[in-house]
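Student: give me the fold of what follows.
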Amino acid sequence: MPITYRIDPTRHLVVTEWSGTITIQEARAYFSGLRSDPDFDPTMLHLSNALKADAPLTLGELRLLASESPFADCGRAAIVASSDLVFGVSKQYKALANRKSRTIRVFRELDEAFEWLGESRGTDLGG
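Tutor: This is a model prediction of the structure:
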């Protein structure tokens, strides 16, 4: 499964794992799944772990995803990417998705991303 997520309501946190080649259809289905998950709150912190992902999405597809994000305009999100390509695509998404008060940052290391979100990684999150 190329996109999986875990919600920790106690920590008010969603951790998403992206792996392999992700299609726009899979990304949109992930957003839909989040919206319908009873534990999901749009104001949650969000960490996207894209360390094992490829980034074939076009600028138009990134724009669509940014406009359809289930996360509220407030709050923070961290994206973690190691490859230069995925890091660059993540920066493009950040530019498209940063709305009035939503802040997104792109990192190379999981621990840095968790620290910026004000969270500890823990053994159950972010593998």
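Student: which ones are touching the residue nearest to the spatial centre of the chain?
Tutor: What sits nearest the mean C-alpha location of the chain, by C-alpha atoms, centre = their mean, is residue 48, with 3.2 Å. Each residue near residue 48 by C-beta atoms under 8 Å, 6 or more residues apart in numbering is listed here: 16, 18, 77, 78, 79, 80, 90. C-beta coordinates here come from the backbone N, C-alpha and C atoms, glycine included.
Student: give the buried residues for the host helix or strand of residue 32.
Tutor: Element membership of residue 32, judged by DSSP states H and E, is helix 24-36. Neighbour-count burial for helix 24-36 flags 27, 30, 34 (criterion: 16 or more other C-beta atoms under 10 Å).
Student: any idea of the mean pLDDT for it?
Tutor: Mean pLDDT, helix 24-36: 96.
Student: name the helices or strands packed onto that helix?
Tutor: strand 3-8, helix 59-68 (3 or more C-beta pairs under 8 Å, 6 or more residues apart in numbering; DSSP states H and E).
Student: follow-up on the earlier one: okay if I get the buried residues of helix 24-36 as a markdown table plus distance to residue 103?
Tutor: Listed next are these as a markdown table, based on distance: C-beta to C-beta, whole Å:
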| residue | distance to residue 103 |
| --- | --- |
| 27 | 21 |
| 30 | 21 |
| 34 | 19 |
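Student: what element comes up after the helix holding residue 32 heading to the C-terminus?
Tutor: strand 45-54.
Student: same question for that following strand, mean pLDDT?
Tutor: 95.
Student: same check on stretch 85-101?
Tutor: Mean predicted lDDT for stretch 85-101 stands at 85.
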